[in-house]
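**Q** What follows is a predicted structure for the sequence shown.
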Amino acid sequence: MKSPTFIGLISIWLAFSARAASVLSPVVSPSSGSAGPFVPAADAFPSVRYQQVYGSGDFTRVGGPFLITEIRFSEAVGSVHIDANLPNVRIELSTTGRNPDGLSSTFADNVGSDSRMVFSGPLHFYDRGLGAFDIRIPLQTPFAYDPRAGNLLMDVRNFQVVPILDIPRYMDAADIVGDTVSSVYAPDVNSSTATQIDSLGLWTLFEVIPVPEPSTWAILLLGIGAALVGARTRGRA
(Lines give C-alpha, C1' and ligand atoms only; values in the text may rest on other atoms or scores of the structure.)
Protein backbone atom coordinates (compact mmCIF):
# COMPACT_ATOMS: atom_id res chain seq x y z
CA MET A 1 0.00 0.00 0.00
CA LYS A 2 1.28 3.46 -0.90
CA SER A 3 2.04 5.78 2.00
CA PRO A 4 -0.06 8.93 2.58
CA THR A 5 3.01 11.04 1.79
CA PHE A 6 3.44 9.36 -1.60
CA ILE A 7 -0.25 9.82 -2.46
CA GLY A 8 -0.10 13.44 -1.35
CA LEU A 9 2.92 14.23 -3.49
CA ILE A 10 1.32 12.60 -6.53
CA SER A 11 -1.81 14.70 -6.01
CA ILE A 12 0.23 17.90 -5.80
CA TRP A 13 2.10 16.97 -8.97
CA LEU A 14 -1.19 16.33 -10.83
CA ALA A 15 -2.58 19.70 -9.74
CA PHE A 16 0.37 21.66 -11.12
CA SER A 17 1.37 19.53 -14.11
CA ALA A 18 -0.34 21.91 -16.62
CA ARG A 19 2.19 23.49 -18.91
CA ALA A 20 2.29 26.77 -20.78
CA ALA A 21 0.58 26.74 -24.16
CA SER A 22 0.05 29.04 -27.16
CA VAL A 23 -3.23 30.20 -28.68
CA LEU A 24 -3.36 31.54 -32.25
CA SER A 25 -6.08 33.99 -33.26
CA PRO A 26 -7.33 34.05 -35.92
CA VAL A 27 -6.50 30.52 -37.00
CA VAL A 28 -6.75 31.48 -40.69
CA SER A 29 -3.60 32.48 -42.56
CA PRO A 30 -2.86 36.22 -42.78
CA SER A 31 -4.43 37.90 -45.78
CA SER A 32 -3.31 41.47 -45.24
CA GLY A 33 -0.85 43.75 -43.45
CA SER A 34 -1.56 46.32 -40.78
CA ALA A 35 0.42 48.90 -38.85
CA GLY A 36 -2.07 48.46 -36.05
CA PRO A 37 -1.85 50.82 -33.08
CA PHE A 38 1.89 50.35 -32.62
CA VAL A 39 3.72 51.45 -35.78
CA PRO A 40 1.61 53.74 -38.00
CA ALA A 41 3.32 56.64 -39.77
CA ALA A 42 3.72 59.57 -37.39
CA ASP A 43 2.27 62.03 -39.90
CA ALA A 44 -0.90 59.93 -40.05
CA PHE A 45 -1.69 59.60 -36.33
CA PRO A 46 -0.11 61.54 -33.45
CA SER A 47 -1.67 58.97 -31.10
CA VAL A 48 -3.96 55.95 -31.44
CA ARG A 49 -6.79 54.26 -29.58
CA TYR A 50 -7.37 50.74 -30.91
CA GLN A 51 -9.55 47.82 -29.89
CA GLN A 52 -9.48 44.30 -31.31
CA VAL A 53 -11.81 41.44 -30.44
CA TYR A 54 -10.78 37.78 -30.58
CA GLY A 55 -13.40 35.05 -30.82
CA SER A 56 -13.48 32.75 -27.80
CA GLY A 57 -13.59 29.67 -30.04
CA ASP A 58 -9.91 30.13 -30.87
CA PHE A 59 -9.17 29.65 -27.17
CA THR A 60 -11.58 26.81 -26.41
CA ARG A 61 -9.76 24.76 -29.07
CA VAL A 62 -6.83 24.74 -26.64
CA GLY A 63 -8.84 24.58 -23.43
CA GLY A 64 -9.23 27.13 -20.68
CA PRO A 65 -9.50 28.97 -18.44
CA PHE A 66 -6.08 30.61 -18.83
CA LEU A 67 -3.66 33.18 -17.54
CA ILE A 68 -2.51 35.20 -20.56
CA THR A 69 1.15 36.08 -19.97
CA GLU A 70 2.41 37.39 -23.32
CA ILE A 71 1.08 38.79 -26.60
CA ARG A 72 3.01 38.19 -29.83
CA PHE A 73 2.71 39.56 -33.36
CA SER A 74 4.35 38.69 -36.67
CA GLU A 75 6.09 41.09 -39.04
CA ALA A 76 4.54 40.96 -42.51
CA VAL A 77 6.59 39.68 -45.42
CA GLY A 78 8.10 42.63 -47.28
CA SER A 79 7.57 45.09 -44.44
CA VAL A 80 10.22 47.59 -43.44
CA HIS A 81 11.90 46.08 -40.38
CA ILE A 82 9.96 46.85 -37.21
CA ASP A 83 12.07 48.34 -34.42
CA ALA A 84 10.44 51.16 -32.47
CA ASN A 85 10.88 52.52 -28.96
CA LEU A 86 7.39 53.65 -28.03
CA PRO A 87 7.38 56.17 -25.15
CA ASN A 88 4.03 55.33 -23.61
CA VAL A 89 1.70 52.44 -24.38
CA ARG A 90 -1.17 51.09 -22.32
CA ILE A 91 -2.80 47.74 -23.00
CA GLU A 92 -5.91 46.45 -21.28
CA LEU A 93 -7.61 43.09 -21.69
CA SER A 94 -11.18 42.20 -20.83
CA THR A 95 -13.92 39.67 -21.49
CA THR A 96 -16.49 41.18 -23.82
CA GLY A 97 -19.92 40.22 -25.03
CA ARG A 98 -19.18 41.86 -28.38
CA ASN A 99 -18.50 39.57 -31.31
CA PRO A 100 -16.02 39.82 -34.19
CA ASP A 101 -17.46 42.21 -36.79
CA GLY A 102 -19.79 43.40 -34.03
CA LEU A 103 -17.75 45.97 -32.11
CA SER A 104 -19.40 49.26 -31.26
CA SER A 105 -17.95 52.56 -32.48
CA THR A 106 -18.16 53.70 -28.84
CA PHE A 107 -15.05 52.31 -27.17
CA ALA A 108 -16.59 52.05 -23.71
CA ASP A 109 -19.40 49.82 -25.02
CA ASN A 110 -16.89 47.13 -25.96
CA VAL A 111 -15.00 46.93 -22.66
CA GLY A 112 -15.87 44.11 -20.27
CA SER A 113 -16.44 44.52 -16.54
CA ASP A 114 -13.25 42.55 -15.75
CA SER A 115 -11.00 44.97 -17.66
CA ARG A 116 -7.43 44.87 -16.41
CA MET A 117 -4.37 46.89 -17.38
CA VAL A 118 -1.75 44.34 -18.39
CA PHE A 119 0.95 46.68 -19.71
CA SER A 120 1.75 50.36 -19.17
CA GLY A 121 4.81 52.43 -19.97
CA PRO A 122 7.63 52.47 -22.54
CA LEU A 123 7.61 49.59 -25.00
CA HIS A 124 10.46 48.40 -27.22
CA PHE A 125 8.34 47.06 -30.06
CA TYR A 126 10.59 45.16 -32.43
CA ASP A 127 10.98 42.01 -34.48
CA ARG A 128 13.86 39.88 -33.24
CA GLY A 129 14.38 38.24 -36.63
CA LEU A 130 14.04 34.68 -35.32
CA GLY A 131 10.84 33.67 -37.10
CA ALA A 132 7.09 34.20 -36.98
CA PHE A 133 5.46 35.89 -33.98
CA ASP A 134 8.78 37.34 -32.92
CA ILE A 135 7.36 40.70 -31.82
CA ARG A 136 6.74 40.04 -28.14
CA ILE A 137 4.96 41.97 -25.41
CA PRO A 138 5.45 40.25 -22.05
CA LEU A 139 2.57 41.35 -19.85
CA GLN A 140 3.41 43.09 -16.60
CA THR A 141 0.21 41.67 -15.11
CA PRO A 142 -1.18 38.37 -16.45
CA PHE A 143 -4.85 38.37 -17.38
CA ALA A 144 -7.21 35.62 -16.20
CA TYR A 145 -9.41 34.68 -19.15
CA ASP A 146 -12.14 32.05 -19.34
CA PRO A 147 -13.30 31.74 -22.96
CA ARG A 148 -16.58 30.24 -21.77
CA ALA A 149 -17.49 33.68 -20.39
CA GLY A 150 -17.16 35.60 -23.66
CA ASN A 151 -14.76 36.88 -26.28
CA LEU A 152 -11.44 38.59 -25.57
CA LEU A 153 -10.95 42.33 -26.10
CA MET A 154 -7.52 43.94 -26.48
CA ASP A 155 -7.68 47.69 -25.85
CA VAL A 156 -4.52 49.61 -26.82
CA ARG A 157 -3.65 53.25 -26.25
CA ASN A 158 -0.47 54.44 -27.97
CA PHE A 159 -0.05 57.90 -26.49
CA GLN A 160 2.76 59.00 -28.80
CA VAL A 161 3.43 57.58 -32.26
CA VAL A 162 7.19 57.56 -32.84
CA PRO A 163 8.27 60.40 -35.21
CA ILE A 164 10.93 58.31 -36.95
CA LEU A 165 8.25 56.02 -38.37
CA ASP A 166 7.86 58.06 -41.56
CA ILE A 167 7.12 54.83 -43.43
CA PRO A 168 4.53 52.51 -41.88
CA ARG A 169 5.70 49.10 -40.82
CA TYR A 170 3.29 46.22 -41.27
CA MET A 171 2.33 43.21 -39.18
CA ASP A 172 0.49 40.16 -40.44
CA ALA A 173 -3.26 40.60 -40.26
CA ALA A 174 -6.47 38.96 -41.43
CA ASP A 175 -9.12 40.95 -43.27
CA ILE A 176 -11.86 38.39 -43.75
CA VAL A 177 -15.50 39.03 -42.90
CA GLY A 178 -16.72 36.15 -40.76
CA ASP A 179 -13.37 35.20 -39.20
CA THR A 180 -12.68 35.49 -35.46
CA VAL A 181 -11.18 39.00 -35.28
CA SER A 182 -12.12 42.58 -36.06
CA SER A 183 -11.08 46.03 -34.86
CA VAL A 184 -12.06 49.64 -34.31
CA TYR A 185 -9.73 52.60 -33.90
CA ALA A 186 -9.39 56.39 -33.75
CA PRO A 187 -6.37 58.61 -34.57
CA ASP A 188 -6.61 60.23 -31.15
CA VAL A 189 -5.91 58.39 -27.91
CA ASN A 190 -8.44 60.56 -26.06
CA SER A 191 -11.30 59.89 -28.46
CA SER A 192 -14.36 58.15 -27.00
CA THR A 193 -15.55 56.93 -30.39
CA ALA A 194 -13.87 55.12 -33.26
CA THR A 195 -13.51 56.70 -36.66
CA GLN A 196 -12.91 53.36 -38.38
CA ILE A 197 -14.69 50.03 -37.95
CA ASP A 198 -12.82 47.25 -39.70
CA SER A 199 -13.05 43.50 -40.18
CA LEU A 200 -9.25 43.50 -40.16
CA GLY A 201 -7.42 42.18 -37.11
CA LEU A 202 -3.78 41.57 -36.21
CA TRP A 203 -2.61 37.94 -36.41
CA THR A 204 -1.84 37.26 -32.76
CA LEU A 205 -0.26 34.52 -30.69
CA PHE A 206 -1.09 34.45 -26.99
CA GLU A 207 1.18 32.70 -24.51
CA VAL A 208 -1.05 31.21 -21.82
CA ILE A 209 -0.89 29.06 -18.73
CA PRO A 210 -3.89 26.80 -18.07
CA VAL A 211 -5.57 27.59 -14.74
CA PRO A 212 -6.64 24.56 -12.66
CA GLU A 213 -10.38 24.08 -12.25
CA PRO A 214 -11.83 24.13 -8.68
CA SER A 215 -11.79 20.32 -8.68
CA THR A 216 -8.05 20.43 -9.30
CA TRP A 217 -7.58 22.73 -6.31
CA ALA A 218 -9.54 20.22 -4.24
CA ILE A 219 -7.10 17.52 -5.35
CA LEU A 220 -4.25 19.83 -4.40
CA LEU A 221 -5.64 20.46 -0.90
CA LEU A 222 -6.24 16.76 -0.37
CA GLY A 223 -2.71 16.07 -1.58
CA ILE A 224 -1.19 18.59 0.82
CA GLY A 225 -3.27 17.12 3.65
CA ALA A 226 -2.14 13.59 2.81
CA ALA A 227 1.48 14.68 2.61
CA LEU A 228 1.24 16.36 6.04
CA VAL A 229 -0.40 13.28 7.55
CA GLY A 230 2.33 11.12 6.08
CA ALA A 231 5.05 13.36 7.44
CA ARG A 232 3.46 13.38 10.91
CA THR A 233 3.09 9.59 10.87
CA ARG A 234 6.75 9.16 10.03
CA GLY A 235 7.69 11.57 12.76
CA ARG A 236 5.87 9.46 15.36
CA ALA A 237 7.39 6.19 14.20
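**A** Looks like it arrived, so ask away.
**Q** Domain ranges for this structure, per the record?
**A** Listed by automatic domain parsing, the domain ranges of the chain are 1-18+214-237, 28-211.
**Q** Can I get those domains in TSV including mean pLDDT and mean neighbour count?
**A** Bear in mind the C-beta positions are built from the backbone N, C-alpha and C, glycine included. Shown next, in TSV, are those (pLDDT from 0 to 100; neighbours: other CB atoms under 10 Å):
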stretch	mean pLDDT	mean neighbour count
domain 1-18+214-237	48	14
domain 28-211	94	18
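**Q** now the strands for this structure?
**A** 21-25, 32-34, 48-54, 66-73, 83-96, 116-126, 135-145, 151-158, 171-174, 181-186, 196-198, 201-202, 204-210 (DSSP state E).
**Q** can you redo the ones you listed as TSV with distance to Leu103?
**A** Converted to TSV, the strands of the chain look like this (distance: least, CB to CB, whole Å):
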stretch	distance to Leu103
strand 21-25	15
strand 32-34	16
strand 48-54	6
strand 66-73	18
strand 83-96	8
strand 116-126	19
strand 135-145	18
strand 151-158	8
strand 171-174	15
strand 181-186	5
strand 196-198	7
strand 201-202	10
strand 204-210	16
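**Q** Tell me which of these lies nearest to Phe107.
**A** strand 48-54 (6.1 Å; CB to CB).
**Q** Quick one: list the elements packing against that closest one.
**A** Secondary-structure packing of strand 48-54 (3 or more CB pairs under 8 Å, 6 or more residues apart in numbering; DSSP states H and E): helix 107-110, strand 151-158, strand 181-186, strand 201-202.
**Q** and of those, who's closest to Ala144?
**A** Ala144 lies closest to strand 151-158 among the helices and strands packed on strand 48-54, at 11.4 Å (CB to CB).
**Q** what's the closest one in contact with?
**A** 25, 36-38, 47-56, 59, 71, 86, 88-100, 107, 110-112, 115, 145, 189, 204 (CB atoms under 8 Å, 6 or more residues apart in numbering).
**Q** give me every residue that touches the residue lying closest to Pro142 once chain neighbours are set aside.
**A** The shortest distance from Pro142 to any residue other than its chain neighbours is 4.3 Å, reached at Leu67 (CB to CB, 6 or more residues apart in numbering). When contacts are counted by CB under 8 Å, 6+ apart, Leu67 is found next to 142-145, 208-209, 211.
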